[in-house]
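Chemist: turn this into a model:
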Amino acid sequence: MKKHGKVSFKKRLALPASVLAAIIASEVFGTESPVVYVAQLPANENQDVAPSPEPVQQTSTETPGGSRKPEQSFESCYAERAQPRCADVFNINGYVNGGYFGNTLGADSNMINTNSDRGGALNGAFVSLSKGAATNGCGVDWGGGVDFMFGEDSRLFRVERGLDEGWFTGHNRAGAPTYGFAMPQAYGAIAVNNWTFTGGHFFSPFGYESGRADKRFFYSRGLAYDALPSTLTGGLLTYSGIENVSATVGLVNGINQGFDNSLGGSLFAGNFVLTPSDQVSFTYTVGAGDVMDNSVSQIYGCIHTWVVEVKPDDRWTFATVGVYEDVQPVGAVGFTEAIIGQHIYYKASDCWKVGTRAEWGRFKATGLDSTNDFGITLGANWSPAGSENLSIRPEIRYDSCNAMKFANDWSKKSQFCLGVDAVAKF
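Modeler: Purely as a prediction, here's the structure:
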């Protein structure tokens with residue numbers, strides 16, 4: 001779900017008579033200035049933010065158009081407070097992302113990035129069209145959005161069944177399909193006062209890092225991101241009428257299943273966001289129920305994620321992320337997984353940001369020994385001349401496991417990876 005341009009208000013001299021009269025009327029009769037409220041989207045993936053590399057968070061209060069939520073109150077809903085329809089426009093944004101990511105073992109697959117082998121890749125050409133549902137806490141409005149992309153990262157977002165399931169094309173050197181198309185989001189929304197209903201296909205609200213390359217700090221993705229569903233399909237209902245609090249509940253057809261629910265998945269999804277101040281936020285997201293029926297056995301499970309983010313000033317960002325999953329198929333082998341991660345980012349200047357991500361994970365399949373993974377990534381973001389539309393991201397990453405899982409023959413317990421990419425945003 002960060003990066004936020006600030007609006008400065010300057011004194012105006014010699015105000016026109018009509019403006020001066022409006023100010024006087026406001027003071028005398030207490031008329032409020034119009035404020036636009038844009039309903040929170042499923043995973044805040046469509047927020048139009050500057051390309052600064054502070055991490056994506058699900059607790060962001062920015063809207064797709066970049067404005068902030070107003071503070072909500074319990075005042076009655078009077079007709080004169082009806083929203084001014086400032087959100088009756090569609091926002092188009094996106095990015096082109098490509099780079100090199102390889103490992104020191106000479107392996108064709110590094111098990112970290114979507115890059116199919118040790119070479120360059122077009123990770124994604126991504127475009128998003130969206131409109132927020134705006135009510136100012138009073139009235140009715142509609143919104144929605146659709147995303148479309150091409151590249152190797154399309155494998156992150158294509159569903160397992162239905163919609164863009166078969167939209168792959170292109171081959172790597174081994175002859176396996178790697179490139180392809182995807183439609184990560186296709187949803188509609190309607191807002192009534194402080195309530196917003198979102199239905200369709202949308203990014204998952206679980207976790208901290210974004211799947212979009214222009215909304216996360218590192219080129220590679222962390223252990224937590226790869227363990228969580230990338231998209232959901234169904235309906236979510238959000239209430240945001242209490243200051244600094246929003247809550248979401250909904251029902252989705254399992255995990256990464258598109259609009260085809262022939263396997264019968266039915267999963268409850270809930271999200272709670274608390275932002276007691278501009279410096280601290282807490283997000284808890286839960287999913288529980290029938291992940292899907294794979295025609296052999298029903299797969300039940302639960303997913304929990306916690307995110308605590310602290311921004312003591314404009315330069316530092318600290319985020320602690322927790323993940324717990326318990327998946328137990330009927331008549332088949334289940335598993336549990338736990339991940340804890342720490343993100344630290346520092347903005348040295350308008351041109352340079354540096355960061356680190358450290359994660360530990362434990363995976364335990366029923367009846368088998370557990371595997372423990374550790375990963376640490378160090379990286380930087382360089383925006384030439386302070387550019388808001390271009391970012392170069394070098395990184396070095398170390399991963400280890402107590403089981404053999406790296407190299408082409410799975411004979412190594414650890415590896416180093418080096419990567420660098422460019423993100424051009426529009």
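Chemist: alpha carbons only for contacts and neighbour counts from here, please
Modeler: Noted.
Chemist: would you list the strands that the helix or strand hosting Val321 pairs with, along with their directions?
Modeler: Val321 is part of strand 316-329 when elements are defined by DSSP states H and E. When sheet partners are counted by DSSP bridges, strand 316-329 sits next to strand 298-310 (antiparallel), strand 335-347 (antiparallel).
Chemist: against which helices or strands is the next helix or strand after the last one packed?
Modeler: In this case it means strand 335-347. Sequence order places strand 352-365 as the next helix or strand after strand 335-347, per DSSP H and E. Contacts defined by 3 or more C-alpha pairs under 8 Å, 6 or more residues apart in numbering; DSSP states H and E place strand 352-365 against helix 223-227, strand 335-347, strand 371-382.
Chemist: for those, which has the smallest mean pLDDT value?
Modeler: When the helices and strands packed on strand 352-365 are ranked by mean pLDDT, helix 223-227 comes last with a mean of 91.
Chemist: same question for the helix or strand following that helix: list its buried residues.
Modeler: Once the chain leaves helix 223-227, the next helix or strand it forms, by DSSP H and E, is strand 231-242. Residues of strand 231-242 classed as buried by neighbour count (16 or more other C-alpha atoms under 10 Å): 231-241.
Chemist: what about the closest residue to Leu390 other than its chain neighbours, how many residues close to it?
Modeler: Spatial nearest neighbour of Leu390, chain neighbours left out: Ala424 (4.6 Å); criterion: C-alpha to C-alpha, 6 or more residues apart in numbering. Residue neighbour count, defined by other C-alpha atoms under 10 Å, stands at 19 for Ala424.
Chemist: what's the angle between the host helix or strand of Ala424 and strand 371-382?
Modeler: Here Ala424 sits within strand 414-425, counting by DSSP H and E. Angle between the axes of strand 414-425 and strand 371-382 is 40 degrees (criterion: axes from the mean of the first three to the mean of the last three C-alpha atoms, to 10 degrees).
Chemist: tell me the mean pLDDT for strand 414-425?
Modeler: 94.
Chemist: got a list of contacts for it?
Modeler: 51, 93-105, 110, 213-214, 219, 389-401, 406 (C-alpha atoms under 8 Å, 6 or more residues apart in numbering).
Chemist: tabulate the CA atom coordinates of stretch 207-224 in PDB.
Modeler: Taking Å, rounded to 0.1, in the frame of the first residue of the first chain, the C-alpha atoms of stretch 207-224 are listed here in PDB:
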ATOM      1  CA  GLY A 207       2.200  -8.100   3.400                       C
ATOM      2  CA  TYR A 208       4.400  -5.000   2.900                       C
ATOM      3  CA  GLU A 209       6.200  -5.000  -0.400                       C
ATOM      4  CA  SER A 210       4.400  -4.200  -3.700                       C
ATOM      5  CA  GLY A 211       4.400  -6.400  -6.800                       C
ATOM      6  CA  ARG A 212       4.700  -3.200  -8.900                       C
ATOM      7  CA  ALA A 213       8.400  -2.400  -9.600                       C
ATOM      8  CA  ASP A 214       7.900   1.300  -9.200                       C
ATOM      9  CA  LYS A 215       6.400   1.000  -5.700                       C
ATOM     10  CA  ARG A 216       9.100  -1.000  -3.900                       C
ATOM     11  CA  PHE A 217      12.700  -0.200  -3.000                       C
ATOM     12  CA  PHE A 218      14.600  -3.300  -4.200                       C
ATOM     13  CA  TYR A 219      14.800  -4.900  -7.700                       C
ATOM     14  CA  SER A 220      14.300  -8.400  -6.100                       C
ATOM     15  CA  ARG A 221      11.400  -9.400  -3.900                       C
ATOM     16  CA  GLY A 222      11.600 -10.600  -0.400                       C
ATOM     17  CA  LEU A 223      10.800 -14.000   1.200                       C
ATOM     18  CA  ALA A 224       7.500 -12.600   2.500                       C
END
